[in-house]
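K.L.:
Sequence and predicted model, in that order:
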Amino acid sequence: QIDEAEVVAFSVPSYACLRRTTLDNHNPVLTDALSLLAENAELSDEDGRGVAFRRAAAVLKALPEPVTGVTQLRGLPCLGGHSLRVIRDILENGASSEVEFTKQSERFKALKVLTDIFGVGAKTAERWIRDGIHSLHQLQESGQTLNRAQQAGLEHYDDLKQPVTKAEADAIGEIVEEAVVSVLPGAQITLIGGFRRGKLTGHDVDFLITHPEEGREVGLMPKVVSWLESQVKLSGTKQTENTPEDTGHRRWRAVRVDLVVSPISQFAFALLGWTGSKLFERELRRWAGHEKAMSLSSHALYDNKQVNTLHYAVLPKRVFFVIVAGKNP
Ligand code: TTP
Ligand code: MN
Ligand code: MN
Ligand code: MN
């Protein structure tokens, strides 16, 4: 039994956006467990619980060393009774019964499999599960009508489940850049999302597009998409057969790409807002609102006390699609 006086106690700011957090953390077993419960809550339309578990996981991610006992956590923010129970369970018994139960539950497994299909959200998955659909096979047999995105998601399911590497992200960046400058010379693209935070893999690749001259970016997105459609394989378009030399590492491979277009006047806010993580963005906005009386979005920052400062001028222009990483031969 460790003497309580020798136990390291931690201290972290309560807003996640005010903490320094590294990519790897010292408590992966605990943070994975809390993240799984967060995911389960999000998939079950319980966003409040989801955020609570995300916040708890984020606090543990910020700790400078492994937690050995719950007494070390005394006074830390964002650790509610439920999260503490899960942490104690793992520290004392090696595993959390709630996490293990969730992992094994048919409902969670079905929600995961179905929402892993590009274009399928929690609501759709929930409806299908109520209709007795728990697997891809059952979905295919069910005769459910799928929209175009979902069809592409199902067709490229295995590819899209594979994590995207940084090298693949860079290769796609070159294609997207070629598309963008072809339709609008001088336009600039920036890698955003997880890769901008230094992650080595991601579930997609995110880019922000702008032009140094305000207004030149108007109407850009459909042109970029048309260019890509004519030059690379996009979701729903025809499949080109793999020639023998096309196999191996040069094989076609579907990757999810998110493009965001921003006018240069909003570029800084878009860059900040789309770099993530989702919790970081949420906390940054909460901090701006509660502590600074300012409103932050991906378009602007304005002072709530001053009228007529900045207004939301433009709605977000955003497109999702699936790109196959490779150019047509
Ligand atoms: P994602 O691509 O969903 O996440 P990510 O890039 O951080 O992680 P991954 O490696 O798994 O792809 O989103 C990128 C950023 O875009 C995210 O950090 C915040 C922002 N975003 C929104 O603002 N609203 C949204 O609905 C989504 C999906 C993302
Ligand atoms: Mn609870
Ligand atoms: Mn991403
Ligand atoms: Mn994304």
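P.N.:
Perfect, thanks for sending it. Residues are numbered from 1 along each chain as shown. Ligands and ions are numbered 1, 2, ... in the order given.
K.L.:
Spit out the contact partners of Lys166.
P.N.:
Contacts here follow Cβ atoms under 8 Å, 6 or more residues apart in numbering; on that basis Lys166 touches 195, 200-201. Where you see a C-beta, it was placed from the backbone N, CA and C, and this is true even at glycine.
K.L.:
Can you give me the distance of it to ligand 3?
P.N.:
12 Å (Cβ to the ion, to the nearest Å).
K.L.:
give me phi/psi at that residue?
P.N.:
phi -60, psi -40 (degrees, to the nearest 10).
K.L.:
Could you check which helix or strand contains the residue of the stretch 201-329 of the chain found nearest ligand 4?
P.N.:
The stretch 201-329 of the chain approaches ligand 4 most closely through Asp258 (3.8 Å), counting by Cβ to the ion. Asp258 belongs to strand 254-261 when assigned by DSSP states H and E.
K.L.:
Which parts of the chain belong to which domain?
P.N.:
4-102, 106-150, 164-327 (automatic domain parsing).
K.L.:
which residues touch the closest residue to ligand 3 within the chain?
P.N.:
Going by Cβ to the ion, ligand 3 is nearest to Gly193 of the chain, at 3.3 Å. Gly193 makes contact with 202, 204-206, 258, 274-276 under the criterion Cβ under 8 Å, 6+ apart.
K.L.:
Got the confidence number for it?
P.N.:
pLDDT recorded at Gly193 is 96.
K.L.:
And Arg20, how far from Pro64?
P.N.:
Distance, Arg20 to Pro64, by Cβ to Cβ, to the nearest Å: 10 Å.
K.L.:
who has more neighbours, those two?
P.N.:
Set Arg20 next to Pro64 and count neighbours by other Cβ atoms under 10 Å: Pro64 wins out with 10 against 7.
K.L.:
does that one sit in a helix, a strand or a coil?
P.N.:
coil (DSSP: H, G, I helix; E, B strand; the rest coil).
K.L.:
I'd assumed His26 was in contact with it.
P.N.:
Yes: the criterion here is Cβ atoms under 8 Å, and Pro64 meets it with His26 at 7.0 Å.
K.L.:
After the strand holding Asp258, heading C-terminal, what element do we hit next?
P.N.:
Following strand 254-261 in sequence, per DSSP H and E, is helix 267-275.
K.L.:
Now do that following helix against strand 254-261, angle only.
P.N.:
Using axes from the mean of the first three to the mean of the last three Cα atoms, to 10 degrees, the direction of helix 267-275 lies 150 degrees away from that of strand 254-261.
K.L.:
list the helices and strands helix 267-275 packs on?
P.N.:
The contact analysis (3 or more Cβ pairs under 8 Å, 6 or more residues apart in numbering; DSSP states H and E) places helix 267-275 against strand 188-192, helix 193-196, strand 205-210, strand 294-296.
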